[in-house]
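Asker: Return a 3D structure for these sequence lines:
(chains A and B)
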Amino acid sequence: MSTVPLFILNDYEDGTYDFPPIDIPDGATAADFSIHRCTSNSPTIWPLQSTIVSLWLESSIDGGDWVGMGEAVMPGGISTFKGNELEWAKTGGGLPEGINRRVRGSIQVAGGPLYSEANLEIS
Amino acid sequence: MALGVGVSSKGRSASSASLATTGVATQASGSLIVTGAIWSSGSTFSSIADNKGNSANYVQISTELSWAFSNGARARMYYCPNAAGGAGHTVTWGLSGATTITAFMVEITGAALASPLDLANRQTDNSSPFVSPSIVTTNAADILISMFGGDSGSNPATHAESTGFTIQTNANETDGSSFWTGCLATRIVAATGTYNSSFTESGGGFTNVWIAAFKEAAGGGPTVYNRKPFGTPIFQSRVIQ
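Answerer: Numbering: from 1, shown residues only, chains lettered A, B, ... in the order given. Predicted structure coming up:
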């Protein structure tokens, strides 16, 4: 698995933030947007449920048309899964088969500022 | 047109109030779209929609399944008959609040355009192999769709089915704590009978298994011409003297 930094740990005011196309290695099967969430150990990261992050991910093959590969609407605050606090929350899906694939996307922040960081995890 | 499987896709999020499956190219019209999702029980179902104008036509399969183990989860399935399609077709699940959700979608071709569902059932299963309820189909040419929802923490969680289903799309953990695992599988049958699905999942323990049968479109399969029995006289011959 490889991790591509998208947004460094910082304050992000309300608005839309794009990340440019990222080349995906041939053979990769999934790409997930991963964002740092609030936990008991990191309470200053994205602490408010009222700070909403909306995510759009797209993929393309051989420089062709972009198609959606993931959308999510995420409020802040502590989130749990199977009883455990989520430190990094991922959203994504399967990559289309092919070579010369790329992924791009954007997040929209509302109710911010958002204090967090995000990566693209390719596996 | 005989039953067939088109494209399939999935989506997953560790924390979201809505989730869209990855866009795929479905045929322009006439497909059956089947979709299912598993999500953590803290949120309730809100909506099902797609981006090709079919949102009002999704029909729920059976009823929602919810269970308390594995910290609680819910699952639903829907189908949309005679769907409009095209490039970048996504199905979006909406919930009452952000939670962990995994969703699947598969396109079926050659299904009946109206009232395609033959029958369906679902259950939870805590012991491997994880099996669906058995269903007795009423229509000879059916396609069986089975959704398996697991709770594996393995990285990845591998899935297999042993009664003749083909897994079309597969959601595996990437780090053991991020998503609900599972898969969507299909099997085409040519005769009425009793059918179920049986899955294994590495690291799985508390699961839900669904099975739904959908009918082939009338006139599907190869065309058979009605012929007279061999030897039937077509005309009477007489000797003219």
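
Asker: What residues does chain B have near chain A?
Answerer: B:9-25, B:40, B:51, B:70-71, B:87-88, B:90, B:92, B:97-100, B:151, B:153, B:169, B:174, B:177-179 (CB under 8 Å from any CB of the partner chain). (Glycine included, C-beta is placed from N, CA and C.)

Asker: let's go with 6 Å and repeat that
Answerer: Selection of chain B residues close to chain A by CB under 6 Å from any CB of the partner chain yields B:10-11, B:13-18, B:20, B:22-23, B:71, B:88, B:90, B:98, B:100, B:174, B:178.

Asker: Skip the chain neighbours and tell me the closest residue to B:Thr158.
Answerer: B:Ser202 (4.7 Å; CB to CB, 6 or more residues apart in numbering or on different chains).

Asker: Can you tell me the strand partners of the helix or strand that contains B:Glu107 and which way each runs?
Answerer: Using DSSP states H and E, B:Glu107 sits within strand B:91-109. If you go by DSSP bridges, strand B:91-109 pairs up with strand B:4-20 (antiparallel), strand B:31-40 (antiparallel), strand B:45-50 (antiparallel).

Asker: so how many other residues sit close to B:Thr21?
Answerer: If you count neighbours by other CB atoms under 10 Å in any protein chain shown, B:Thr21 ends up with 30.

Asker: quick one, phi/psi of the residue nearest to B:Val136 when sequence neighbours are not counted?
Answerer: Distances taken as CB to CB, 6+ apart put B:Thr194 closest to B:Val136, at 5.0 Å, once the chain neighbours are dropped. The phi and psi torsions at B:Thr194 (degrees, to the nearest 10) take the values phi -100, psi 120.

Asker: Next one: B:Thr194 from B:Ala75, what distance?
Answerer: Separation of B:Thr194 from B:Ala75 (CB to CB, to the nearest Å): 23 Å.

Asker: More neighbours: which of those two?
Answerer: B:Ala75 (26 against 8).

Asker: Quick one: the strands in chain A, in order.
Answerer: A:2-12, A:15-24, A:30-36, A:52-61, A:67-75, A:80-81, A:84-85, A:88-94, A:101-110, A:114-122 (DSSP state E).

Asker: contacting residues for residue 110?
Answerer: Looking at chain A here, since you left the chain open. When contacts are counted by CB atoms under 6 Å, 6 or more residues apart in numbering or on different chains, A:Ala110 touches A:14, A:52.

Asker: wait, I meant chain B there
Answerer: Counted by CB under 6 Å, 6+ apart, B:Gly110 has contacts B:1-4, B:216-217, B:220.

Asker: farthest pair in the residues you listed?
Answerer: B:Gly4 and B:Ala217 (11.0 Å; CB to CB).

Asker: Pull up the residues of chain A that are close to chain B.
Answerer: Residues of chain A lying near chain B (CB under 6 Å from any CB): A:67-75, A:79, A:81-83, A:86, A:89-91, A:93-94, A:123.

Asker: in the chain, which residue is closest to the centre?
Answerer: All of this refers to chain A. Using CA atoms, centre = their mean, the residue of chain A that lies closest to the mean C-alpha position is A:Phe33, 2.7 Å off.

Asker: Switch to chain B, please.
Answerer: Most central in chain B (CA atoms, centre = their mean) works out to B:Ile145, at 3.6 Å.

Asker: after the helix or strand that contains that residue, next one along is what?
Answerer: Per DSSP H and E, B:Ile145 falls inside strand B:142-149. In the C-terminal direction, the helix or strand that comes right after strand B:142-149 (DSSP H and E) is strand B:159-161.

Asker: Which elements pack onto that next one?
Answerer: Contacts defined by 3 or more CB pairs under 6 Å, 6 or more residues apart in numbering or on different chains; DSSP states H and E place strand B:159-161 against strand B:198-201.

Asker: Now do the strand it packs on, average pLDDT.
Answerer: Taken as a whole, strand B:198-201 has an average pLDDT of 97.

Asker: Tell me which residues are up against it.
Answerer: So strand B:198-201 is contacted by B:128-131, B:148, B:150, B:152, B:157, B:159-163 (CB under 6 Å, 6+ apart).

Asker: Mind doing that once more with 7 Å?
Answerer: For strand B:198-201, the external contacting residues (CB atoms under 7 Å, 6 or more residues apart in numbering or on different chains) are B:128-131, B:148, B:150, B:152, B:157, B:159-163, B:181, B:207, B:209.

Asker: what number of residues lie near B:Thr181?
Answerer: 29.

Asker: So which of the contacts of strand B:198-201 is the closest to A:Ser2?
Answerer: Taking these together and measuring to A:Ser2 by CB to CB, the closest member is B:Ala157, at 20.7 Å.

Asker: What does the pLDDT read for the closest residue to that closest one other than its chain neighbours?
Answerer: Excluding the flanking residues, the one nearest B:Ala157 by CB to CB, 6+ apart is B:Thr181, at 4.3 Å. pLDDT for B:Thr181: 93.
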